[in-house]
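Enquirer: next one to model:
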Amino acid sequence: MSTAPATDTPATDAHSLTLGNHVVGQLLRLSAVVGLTDTDAALYAQILVDSLGSASGRPLALPPPSPSFISDDHTPVEFSLTFRPGAAPALRVLVEPGCTAAGMADNGRHGLAVIHDMARRWHFSTAQLDCLEDLFLPPSPQGTLALWYALDLRPGGIPGVKIYLNPAASGPEQAAATVQEALHRLGHRQAFAALPDTAAYPFLALDLGAWETPRVKVYTTHPGLSAPDACALNRAEPGPAPQDVATFFRIAAGGRRPTGAGSEPETRLGRRPALACHSFTDSASGRPSGFTLHIPVRDYVRNDEEALARATALLTHFGMDPSVLRRALAALTTRQLSDGVGLIAYLALAHERDRRPRITAYVSSEAYAVRPPLPHLPRPGAD
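Expert: Numbering: from 1, shown residues only. Sure, this is the predicted structure:
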């Protein structure tokens, strides 16, 4: 999820492929990696094509249909894999269904229509989303995001549906008030006070449909973060162990703990900032039930080979199989990992009440471009 400019290296043979060909092929291959049946994979692929609309048939030789904020090269699709100890990873796809719209207002209306179609198909309520429409989909919205959806691609053909909305739709100065009012309408009247201080509120997300415990999630932006800072962000009770957060941060960001006087200071994220996410399920307590830390690893490695090494170290440390991630990257692209950076966009540590920690790798489609490797990395704390 980024507003960084796209680069010029084509990721595929753009003259023989459409956007739909490209992302459907990736989805089918990733589905095989995580063990979904051919029937389920084909169903989810068709839903992806249908929700992209006319963008699906757009040749890759043309520019992206819009400057989508989902990815650095403006592909309006991103994949992610969530790893848990002793279980197969879960595959998710994130989509901007209104990516061909003329402006953000039409983008949001188109996205809302797609979600209502999904609700009729899978028989779930959109009441929570509908009660927020005036806040997040105003007549003249601002920003680079109107509405995204994500599907957790589950066995059986009924996915979990997540909706992502822009708190700054009425202007960045209104974002905090928009989040507070949204939480109030959704029944979480004390939740806003539990959130950490932040530079911005990039997303508010809702779980709709088939969820055991539906969540409302608020994302916050944290420039210049260090490992101790990251530990202090958590407001969930019970939350992740501080040593788990610190270890995750240092491995994902490439930092080291100071060893004494004269040693290098704690690594701070001086480029793209980290994101925190707090999820709310219990409206009575006002306390978050979950905490996730997202590190934009692509800005803190030279290339994807190094990003994969960090992801492998994290998965191994937390007791998960890293081999699946390597197979997933091979399902996305045939390029050498050393030839670009950004195929692995974010790494995240997620903690929910009464569950073991999860690691999520957010991986890019690279339909339009591959970011070249970084020639060098900044010093800790440098821009």
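Enquirer: helix or strand for residue 80, which one?
Expert: strand 77-83 (DSSP states H and E).
Enquirer: helices or strands next to the helix or strand following that strand in the packing?
Expert: Per DSSP H and E, the first helix or strand lying C-terminal to strand 77-83 is strand 90-95. With contacts taken as 3 or more Cβ pairs under 8 Å, 6 or more residues apart in numbering; DSSP states H and E, strand 90-95 sits against helix 19-34, helix 38-52, strand 77-83, strand 147-152. To be clear about C-beta, it is placed using only N, CA and C from the backbone, and glycine gets the same treatment.
Enquirer: name the residues that touch the longest one?
Expert: Judged by Cβ atoms under 8 Å, 6 or more residues apart in numbering, the contacts made with helix 19-34 from elsewhere in the structure are 12, 40-42, 44-45, 48-49, 52, 55-60, 65, 75-77, 79, 81, 88-91, 93, 153, 324, 327-328, 331-332, 365, 367.
Enquirer: how close does residue 357 sit to residue 116?
Expert: Distance, residue 357 to residue 116, using Cβ to Cβ, to the nearest Å: 35 Å.
Enquirer: meant to ask about residue 312
Expert: Residue 312 is 41 Å from residue 116, by Cβ to Cβ.
Enquirer: go on, residue 140?
Expert: 22 Å.
Enquirer: tell me the first helix or strand C-terminal of the top helix by length along the chain.
Expert: Ranked by number of residues, the top helix in the chain under DSSP state H is helix 104-122. Downstream of helix 104-122, the first helix or strand assigned by DSSP H and E is helix 127-130.
Enquirer: any residues touching that following helix, and which ones?
Expert: 112, 115, 163, 186, 206, 208, 216.
Enquirer: tabulate those (CSV), appending pLDDT, distance to residue 319 and secondary structure.
Expert: Shown next, in CSV, are the contacts of helix 127-130 (pLDDT from 0 to 100; distance: Cβ to Cβ, whole Å; DSSP: H, G, I helix; E, B strand; the rest coil):
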residue, pLDDT, distance to residue 319, secondary structure
112, 97, 40, helix
115, 98, 36, helix
163, 98, 32, strand
186, 96, 35, coil
206, 98, 31, strand
208, 96, 31, strand
216, 97, 29, strand
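Enquirer: out of these, who has the most neighbours?
Expert: residue 163 (23 neighbours; other Cβ atoms under 10 Å).
Enquirer: in contact with that one, which residues?
Expert: 115, 129, 147, 148, 149, 205, 206, 208.
Enquirer: so what pairs up with it in the strands?
Expert: For residue 163, the beta-bridge assignment (DSSP bridges) gives partners residue 149, residue 206.
Enquirer: before we move on, back to that, tell me the strands beside the strand holding residue 80, with direction?
Expert: Sheet partners by DSSP bridges: for strand 77-83, these are strand 90-95 (antiparallel), strand 358-364 (antiparallel).
Enquirer: who has more neighbours out of residue 312 and residue 116?
Expert: Higher neighbour count among residue 312 and residue 116: residue 312, with 16 against 13, using other Cβ under 10 Å.
Enquirer: tell me the pLDDT of that one.
Expert: Note for residue 312: predicted pLDDT of 98.
Enquirer: ok, the nearest residue to it once chain neighbours are set aside - contacts?
Expert: Counting by Cβ to Cβ, 6 or more residues apart in numbering, residue 312 lies nearest to residue 322, which is 4.1 Å off, once chain neighbours are set aside. By Cβ under 8 Å, 6+ apart, residue 322 lies in contact with 311, 312, 315, 316.
Enquirer: how close does residue 322 sit to residue 376?
Expert: 27 Å.
Enquirer: run through the stretch 101-250 of the chain and note the low-pLDDT ranges.
Expert: In the prediction, the stretch 101-250 of the chain carries no residues with pLDDT under 70.
Enquirer: about what we covered before: which residues are contacting the strand holding residue 80?
Expert: 1, 23, 26-27, 30, 34, 48, 52, 70-71, 89-96, 315, 318, 320-321, 324-325, 328, 332, 345, 350, 358-365, 367.
Enquirer: follow-up on the earlier one: could you dump the contacts of residue 163 into JSON lines with distance to residue 337 added?
Expert: Formatted as JSON lines, the contacts of residue 163 follow (distance: Cβ to Cβ, whole Å):
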{"residue": "115", "distance to residue 337": "35"}
{"residue": "129", "distance to residue 337": "38"}
{"residue": "147", "distance to residue 337": "33"}
{"residue": "148", "distance to residue 337": "27"}
{"residue": "149", "distance to residue 337": "29"}
{"residue": "205", "distance to residue 337": "30"}
{"residue": "206", "distance to residue 337": "35"}
{"residue": "208", "distance to residue 337": "35"}
